[in-house]
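In: quick one: sequence and predicted model below, then my questions.
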Amino acid sequence: MNLQFIRYFITLAEDKNFTKAAEKNFVVQSTFSSGIKKLEQELDCKLFYRDKRNVALTKEGEDLLPKAKELLRLWNAIEVSFKDKGTKPLKVGLLDTIHHTDAVVPVLKKFKELYQSYHFELFEDQQSPLFDRLKKEELDIIFIQDAPIDETLCSKRFVYEEKLDVMLSKTHELHTKKQLRLDELDNIPFIEHGNCVLNKEVSNAFDKNQVNLNVVFKANHSDMLTSLVASNLGVSLMAKPKSHSDAVVYIPLAGHEFKRNIVAVWKKDNTSKVLKAFLSV
């Protein structure tokens, strides 16, 4: 049995999309589909229900998935123990204004489960310094806001979309609202996320709608920003994380969407085995 087909199977089971799964394995879709078909022939069973829109595991596929993950984990451990002694750690750059627990930590957790002998180092910074360090090969991969890149030198992959909501203290007079209009924030004490690359877009929207953006504090880190809002010293705009302080609420902003895509970027000529393994997760 070809272990690559096992990798195909695991990726398709998790992504439920042939195109995305093929891209993650750096093969064309026809090669990927052929690999899945050969695995089904080898095991003499159907692993997926599929039509033009949906992909779902069969009962046999559900039974195989945990066994396939364990098989791949064991093989990765064998491969690392014999071939990759002294391998350098993967150096990961993280934009300091994104929720790492939502965007990056699940990927790192899965990577560590599959490749227990590989290690990584994390570095937080603003967007421009992260790009500079990537170009100097001080970082292997960076997670940043989507931006134009030199596609002859770098590759990028969509990770997730982040949308800003209004963050308020649970003691704020507006905290029970289901939605908030921009004009309801007129002259209300506002705490600006100092490093947020959407600040200019937010400021322009306030100006265009003749709403006074009353900035009373600037905070460069999400924890400080949340603490200031929780203390009812002002409101702010921030993406709602999956887990957040009980002292604050997040309310959608009606009629306006301040959002950005978070992407992973790496240099095409980086031949690191650890990076290749990470990109396969």
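Out: Ah, there it is.

In: in the stretch 1-150 of the chain, which spans are helices?
Out: 3-15, 18-24, 29-43, 59-83, 100-103, 105-114, 127-135 (DSSP state H, counting those that start in this stretch).

In: of these, which shows the lowest average pLDDT?
Out: Lowest mean pLDDT of these: helix 100-103, a mean of 67.

In: as TSV, the helices of the stretch 1-150 of the chain with distance to Gln210 would be great.
Out: (C-beta placed from N, C-alpha, C; glycine too.) Listed next are those as TSV, based on distance: least, Cβ to Cβ, whole Å:
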stretch	distance to Gln210
helix 3-15	45
helix 18-24	43
helix 29-43	51
helix 59-83	55
helix 100-103	34
helix 105-114	41
helix 127-135	30
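
In: JSON lines for those helices, including distance to Val265 and mean neighbour count?
Out: Below are the helices of the stretch 1-150 of the chain laid out as JSON lines (distance: least, Cβ to Cβ, whole Å; neighbours: other Cβ atoms under 10 Å):
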{"stretch": "helix 3-15", "distance to Val265": "20", "mean neighbour count": "20"}
{"stretch": "helix 18-24", "distance to Val265": "15", "mean neighbour count": "18"}
{"stretch": "helix 29-43", "distance to Val265": "24", "mean neighbour count": "15"}
{"stretch": "helix 59-83", "distance to Val265": "25", "mean neighbour count": "14"}
{"stretch": "helix 100-103", "distance to Val265": "14", "mean neighbour count": "16"}
{"stretch": "helix 105-114", "distance to Val265": "14", "mean neighbour count": "15"}
{"stretch": "helix 127-135", "distance to Val265": "7", "mean neighbour count": "16"}
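
In: out of those, which is closest to His256?
Out: His256 lies closest to helix 100-103 among the helices of the stretch 1-150 of the chain, at 21.8 Å (Cβ to Cβ).

In: how close does Phe111 sit to Val211?
Out: 44 Å (Cβ to Cβ, to the nearest Å).

In: looking at the helices of the stretch 1-150 of the chain, which is closest to Val248?
Out: Proximity to Val248 (Cβ to Cβ) singles out helix 100-103 among the helices of the stretch 1-150 of the chain, at 15.8 Å.

In: ok, which of the helices of the stretch 1-150 of the chain comes nearest Thr226?
Out: Closest of these to Thr226 is helix 100-103, at 13.1 Å (criterion: Cβ to Cβ).

In: low-confidence ranges in the chain?
Out: Scanning the chain for pLDDT under 70 picks out 1, 80-87, 100-102.

In: center of it - which residue?
Out: Central residue of the chain (Cα atoms, centre = their mean): Ala103, 3.0 Å from the mean position.

In: between the helices of the stretch 1-150 of the chain, which gets nearest to Val92?
Out: Across those, Val92 has its closest neighbour in helix 105-114 (7.6 Å, Cβ to Cβ).
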